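Enquirer: Test case, fold it:
(chains A and B, ligands or ions: 6)
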Amino acid sequence: MSYVRPQFRHPNLLKNEVGYTSKEYEGSLSTLCAGCGHDSIGAAIMQACFEMSIEPHRVAKMSGIGCSSKTPAYFLGKSHGFNSVHGRMPSVSTGAYLANRDLVYIGVSGDGDTASIGMGQFVHAVRRNLNMVYIVMNNGCYGLTKGQDSATADVGSKSKAGSVNQFEPIDLAGLVLELGGTFVGQSFSGDRSQLLPLIKAAIAHKGFAFLNVISPCVTFNNNVGSTKSYDYVREHVAATATVDFVPMMKTISADYAEGADAKVTMHDGSVIALKKLAKDWDPNNRLSAITALHNARTDGKVLTGLLYANETSNELHDILNTTPTPLNSLGQDVLCPGNEKLAEINNALR
Amino acid sequence: MEPTNTADPEYYHKVVDCQYACPAHTPVPEYIRLIAAQKYTEAYIVNWESNVFPGVLGRTCDRPCEPACRRVRVETEPVAICRLKRVAADMKEMDAVADYIPQGPFPQNGKKIALIGGGPASLTVARDLAPLGYELHLYDEQPAGGGMMLTQIPSFRLPITVLQEEVGYILNMGIHTQFNHYVDSLKEMLEKDYDAVFVGTGAPRGRNLEVPGRDEATKNIHIGIDWLQSVAFEHVTKIGRKVIVLGGGNTAMDCCRTSRRMGGDEVKVVVRSPFDEMKASPWEKEDAQHEDIPIIDNHVPKSFELKDGKLIGMIFEKVSPVYDDNGKRKLVPTGEPDVFFEADDVLIAIGQENSFPWIERGIGIEFDKWEMPSVDKVTYQSSIPKVFFGGDSAFGPTNIITAVAQGHQAAVSIDLFCKGEPLANRLHPATNLISTKMGIHEWSYDSVVTIDERFKVPHADKKITLKDRKVEVELGYEAAMAFKEAERCLNCDVQTVFETSRCIECDACMDVCPTQCITFTINADEDELRMKLIVPAMNRTQDLLVSDLLPTGRVMVKDEDVCVHCGLCAERCPTAAWDMQLFSYYTANAGSQNVHA
Ligand SMILES: Cc1cc2nc3c(=O)[nH]c(=O)nc-3n(C[C@H](O)[C@H](O)[C@H](O)COP(=O)(O)OP(=O)(O)OC[C@H]3O[C@@H](n4cnc5c(N)ncnc54)[C@H](O)[C@@H]3O)c2cc1C
Ligand SMILES: Cc1ncc(C[n+]2csc(CCOP(=O)(O)OP(=O)(O)O)c2C)c(N)n1
Ligand code: SF4
Ligand code: SF4
Ligand code: SF4
Ligand SMILES: [Mg+2]
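Expert: Ligands and ions are numbered 1, 2, ... in the order given. Sure, this is the predicted structure:
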């Protein structure tokens, strides 16, 4: 048995602004199938956190059940994590976020976990504008249970066993746009140069940041005839624009974003610079995003890149006007103000 | 960059840093794995085929392989390659060795060769040519074979029995020895009916130091290598209580340590250069210091001092090194007062020179202005076609492993010469690549990388070793420690072989690689590409492995620099575009087609 990751790292590893190398962002060695797209997305999440100098202990990784939902074990090993029951990650995240709004929430789910069993939970997290990153590693199947078609499988897509899917797929990105989602992106696990800036932007976004990432299941859904295989996706992607994420601290950011066809300025001052915009599409316009999605689908294309971003929305805590302090930092007297206060409240309701 | 041509045997050879650095290209990782598997005899033979004297070299080699070892680039200390070689020699089964070593009598081919000098260079030529049927006549002025391994290297580093055993393997192949025979004329040698003559006479003259008092005090001033030889043959059995050894090379280290065993209580080494720039290997300096010998650097000898006609010490000027813009060093006097050190005896160990008083000028051997013969760097042929040189006599003093490597090449030339073939008809190295994949998570080599630090070789108590110059200082590794040290080897000969056509660009290898060797990127020229990698490839001595163009328009680039050969890239590759393949590389020696057929 030789499956052990060596302790040595490259001696010239770069350090980020908080003094860590990428080693501090690693998790344990993946046990997913070799070549699974999910691992590649996990690596991109690691890289994004490293490059944004987010301290690992400020991150909470949330997930459900599935190969995709296992991946938080393989990145950010020093972060918080909650591996919930199947499809309940949005609900558990809602609770966690209400209790502690200071962490960076990165939710990882699958198409099964989100579009089938977890659909009821998922839509509410979107409409409540929970301040989190929500990544669906979308492989069009239930990988963990051996590749059954999922609710995102395209009509006509062929499984490895040869059966052809007859049911309409759920377009998760379209759904999130309909529900008023405030940040929507779509990408492909095999395109790191696009995925990485999208993840960074999603982390910088205030509110619910949704990323639907096509992620081939090499073992059960990478066959000829599948619409979620490496080859098929590479042949059918159409990008809205190229995406560059310019962190807020960079004084050169203005220059850097120069020449961009469009910019989205995030609430923290960082910028998403977009070049080579698709025709009739504007990242600040929900309607044009919906249209672009529909047009791409009609053309048999997978539209990738940033679809929509709204940086002026109110997220859950804003809406509820809840305390800015994480509950674990509040004293006993504040958390439990005592009988007198209770009586006061009760009286007010009489 | 162009896609890497891995069909060139030197590409993968270079990845095996230790083997590449070894002058004889000993397949190091191969023998280290055999030691880990407790196959000591086989490990010994792998060495013996390449370097001829594993027992000797396992104790004394200059080990150019170790600074080259990949381990240095990911941690601090190299694998103890040299001392593991000794393990193979110490733990082999004597009887079994005979089954592997060619045993005479060999069918004769009718050709006769003279070998002048019986050091490692000549002995290597003898070993390579004897099984091919050559009649070999070996001349040496000493009473036994071994050259400087016999006369110079002290017994506390190299027990005589170890040397005798390995010289014996060769001489027993039916070599005609003429010991106690000084060859005083090459001309006469050429007049005999030899088909070829090999000169392996070493660099036998120690440099003298001409400063005031030298002649007057000569009774107590000795040339280091002459003195060591007298000690080896027991013509000298003691030295004064206070000894100064002049010089900073390995000979100086042997002189001072030998003095400590011959009655020298207060032995010091005094050297012109700064400590860090001394020629002696770090471990030799360490061993000397461990035997309470101070090394006094930046002191230039000015004079020998006498009282009543007898040596009482030496005066030195203090200097400090100054470097010009090109890094060239000059020793500049500090202006401090000169220093006097007491001494009953002084050993001069400031260098060695070649000397060929027995080669007549005008018979066809060309000499350059430094009195060195002109010798071809590949064939070792001299300006007389049938005369070949090798070892210290060819290009000046180096070390045993270099003498062996040159001996192999000279033997190839002599064999070709005697067959009437052009000397350029040299065989390519024998190479091979075989997959090590055994199953899921299963390779035929131990791919797990240990973080153990280098294990120290235990030493005998100096209370004992300083009393008797024949007691070996190093005890060698015991089996358990040898195993752990062997496990430190990163198996650099198990190559990461990449097949572009299989790659689906899932990036899994790039993400899993612990040392960030692999990058998928747009191709560029080498300078730019090196900077574009996940971690820029700043070590120019290490190559980049560049794939053919991939479907997305990128190439796979692997920086060989700090790959730890863990196999995870191949492990995580869904299509086996990566495979871990065992690369073997055997330099072609005379007759080696028979050995590795
Ligand atoms: C003190 C000392 C310590 C050393 N320690 C090490 C060490 O630890 N490791 C290492 O790798 N190297 C060491 N070396 C160097 C090493 O010994 C030599 O580089 C090596 O032995 C050279 O081999 P060779 O075959 O060229 O010649 P030599 O080993 O020098 O052999 C030449 C032989 O030729 C004989 N000879 C010379 N002229 C004639 C003639 N005209 N007729 C007949 N016979 C003749 C000599 O007697 C001698 O036996 C050391 C050298 C010295 C001086
Ligand atoms: C409540 C419950 N129902 C069913 C299952 C069985 N199950 C495990 S994973 C999975 C589907 C996972 O699919 P997806 O979220 O797409 O993850 P993938 O493995 O494809 O990444 C199912 C149905 C379960 N674990 N729990
Ligand atoms: S079954 Fe599919 S989704 Fe799961 S690890 Fe394997 S390749 Fe990835
Ligand atoms: S790690 Fe092993 S194979 Fe690699 S250079 Fe060192 S000794 Fe040689
Ligand atoms: S064997 Fe592969 S994974 Fe391991 S260090 Fe080398 S390139 Fe990286
Ligand atoms: Mg799935």
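
Enquirer: Now do the same for residue B:122: helix, strand or coil?
Expert: At residue B:122 the chain is in helix, as set by DSSP: H, G, I helix; E, B strand; the rest coil.

Enquirer: Doesn't residue A:137 belong to a strand?
Expert: Yes - Residue A:137: assigned to a strand according to three-state DSSP.

Enquirer: How about it: what's its closest non-neighbour residue?
Expert: residue A:68 (3.7 Å; CB to CB, 6 or more residues apart in numbering or on different chains). All C-beta atoms are positioned from the backbone trio N, CA, C, and that covers glycine.

Enquirer: Now do the phi/psi pair for the one you found.
Expert: phi -60, psi -40 (degrees, to the nearest 10).

Enquirer: these two touch, right, it and residue A:113?
Expert: Yes - using CB atoms under 8 Å, residue A:68 makes contact with residue A:113 at a distance of 6.7 Å.

Enquirer: What residues does residue A:211 make contact with?
Expert: By CB atoms under 8 Å, 6 or more residues apart in numbering or on different chains, the residues touching residue A:211 are A:133, A:134, A:135, A:136, A:185, A:186, A:187, A:198, A:199, A:202.

Enquirer: Quick check: bridge partners of the nearest residue to residue B:355 once chain neighbours are set aside?
Expert: Sequence neighbours aside, residue B:205 is the residue nearest to residue B:355 in space, at 4.4 Å (criterion: CB to CB, 6+ apart). On the basis of DSSP bridges, residue B:205 is bridged to residue B:353.

Enquirer: cool, residue B:555 as well?
Expert: Bridge pairing for residue B:555 (DSSP bridges) gives the partners residue B:521.

Enquirer: what's the spacing between it and residue B:194?
Expert: Counting by CB to CB, to the nearest Å, the gap from residue B:555 to residue B:194 is 57 Å.

Enquirer: what's the answer for residue B:530, then?
Expert: Here the criterion is CB to CB. By it, residue B:530 lies 54 Å from residue B:194.

Enquirer: Going by contacts, tell me the helices and strands next to the top helix by length along chain A.
Expert: Longest helix in chain A, counting residues (DSSP state H): helix A:37-51. Identification of packing neighbours for helix A:37-51 by 3 or more CB pairs under 8 Å, 6 or more residues apart in numbering or on different chains; DSSP states H and E yields strand A:104-110, strand A:132-138, helix A:192-204, strand A:208-214, helix B:508-512.

Enquirer: what pLDDT does residue 101 get?
Expert: No chain specified, so I'll use chain A. Listed pLDDT for residue A:101 reads 96.

Enquirer: Switch to chain B, please.
Expert: Note for residue B:101: predicted pLDDT of 94.

Enquirer: Next up, the contacts around it.
Expert: Residue B:101 makes contact with B:45, B:48, B:169 under the criterion CB under 8 Å, 6+ apart.

Enquirer: which one of those is nearest ligand 5?
Expert: Set against ligand 5, the nearest of the contacts of residue B:101 by CB to the nearest ligand atom is residue B:45 (28.8 Å).

Enquirer: Name the residues of the stretch 101-250 of chain B found near ligand 1, please.
Expert: Residues of the stretch 101-250 of chain B found near ligand 1 (CB under 6 Å from any ligand atom) are B:116-122, B:139-142, B:147-149, B:152-153, B:182-183, B:200-202, B:204, B:225, B:228, B:250.

Enquirer: ok, now how distant is the residue in the stretch 451-597 of chain B that ligand 1 sits nearest to from ligand 2?
Expert: Distances between the stretch 451-597 of chain B and ligand 1 by CB to the nearest ligand atom are smallest at residue B:474, namely 12.1 Å. Distance of residue B:474 to ligand 2, given as CB to the nearest ligand atom, to the nearest Å: 58 Å.

Enquirer: cool, residue B:298 as well?
Expert: Relative to ligand 2, residue B:298 is positioned 69 Å away (CB to the nearest ligand atom).

Enquirer: again with residue B:276
Expert: 58 Å.

Enquirer: Kindly report the same for residue B:171.
Expert: 71 Å.

Enquirer: same thing with residue A:339?
Expert: Note on residue A:339: its distance to ligand 2, by CB to the nearest ligand atom, is 42 Å.

Enquirer: okay, now that residue: neighbour count?
Expert: Using other CB atoms under 10 Å in any protein chain shown, residue A:339 has 8 other residues around it.

Enquirer: For chain A, what lies in contact range of ligand 6?
Expert: For chain A, the residues in contact with ligand 6 (CB under 5 Å from the ion) are A:110, A:111, A:112, A:139, A:143.

Enquirer: quick one: low-confidence ranges for chain A?
Expert: A:1-2, A:248-260 (pLDDT under 70).
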